[in-house]
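> task: produce atomic coordinates for the following.
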Amino acid sequence: MGDDFLKETLQETADRLKNFPGNVKGEVFRTHADYIEHKEGKEGVKKVEEKMKELGIPIRLRDIKPFEWISEGWSSLTILVAKEVFDWSDEDVFEMGRFAPRFSFIIKVMMQYLVSIDSLFENASKYWEKNYDFGSFDAISFDKKQNKVIVREKGFKTHPTICVYHAGYFKGLTEFVIKTKNISITETKCVHRGADYNEFLIEWN
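Next comes the predicted model:
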């Protein structure tokens, strides 16, 4: 991932993301906390919060209300802080994204109605608009016979590592409606590699 963001110190990243022009629903912070606790224990959540405070963002992840609008920059930074504090690999970040839908109350409610792969991707843009006040997300190509879909994410550029998290997240969503372990996801275009948007190819059999 050839991006100058990778050369930043964590403090430089935090200073930049404090002013990110977009918000996400607070529920995402609760899912961050759930996964960190699942993997690193309750003390792990405290360590992340302490590091966030050092970086100038004093938040308590579980105190954030699910439907409150909070900076996506803060959300992205929470993931980056956890990666540094616990020395996580990209595979760990991917799994954090993959498990996020399972921890999210909002996603669980939504998935009661989106029971097929068709309905999941047909409603992708509506889901995005309910949870983000910036950018867009759409399924631009859906080939049910070939068992593959291409999804496109526009207006989202915080840090290359967050693309890894999103790849895991999109795989986790797909796992809700496709009962197979053979699901793969590949980022085919990336804003951190010169593209105007992020694009992911999801395939299954």
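> show me what contacts D15?
G56 (CB atoms under 8 Å, 6 or more residues apart in numbering). C-beta here means a position set from N, CA and C on the backbone, and glycine is covered the same way.
> buried set for the host helix or strand of it?
For D15, the enclosing helix or strand under DSSP states H and E is helix 10-17. The neighbour-count check on helix 10-17 (16 or more other CB atoms under 10 Å) flags L10, T13, A14, L17 as buried.
> could those residues be laid out in CSV, adding distance to K53 and pLDDT?
Listed next are the buried residues of helix 10-17 as CSV, based on distance: CB to CB, whole Å; pLDDT from 0 to 100:
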residue, distance to K53, pLDDT
L10, 13, 96
T13, 16, 97
A14, 11, 97
L17, 15, 96
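> could these go into JSON lines alongside distance to E40?
Shown next, in JSON lines, are these (distance: CB to CB, whole Å):
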{"residue": "L10", "distance to E40": "18"}
{"residue": "T13", "distance to E40": "21"}
{"residue": "A14", "distance to E40": "20"}
{"residue": "L17", "distance to E40": "22"}
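> now for C190: which residues touch it?
Counting by CB under 8 Å, 6+ apart, the residues that C190 touches are M1, P160, C163, N198, E199.
> average pLDDT for the host helix or strand of G172?
Assigned by DSSP H and E, G172 falls within helix 160-177. If you average the pLDDT over helix 160-177, you get 93.
> what helices or strands is it leaning on?
Here helix 160-177 touches helix 72-85, helix 90-103, helix 117-122, strand 183-189, strand 198-204, going by 3 or more CB pairs under 8 Å, 6 or more residues apart in numbering; DSSP states H and E.
> give me the outermost residue of the chain relative to its centroid.
Note on the chain: the largest C-alpha distance from the chain mean falls to K145, namely 28.0 Å (CA atoms, centre = their mean).
> show me the shaky parts of the protein.
Scanning the chain for pLDDT under 70 picks out 1-3, 106-115.
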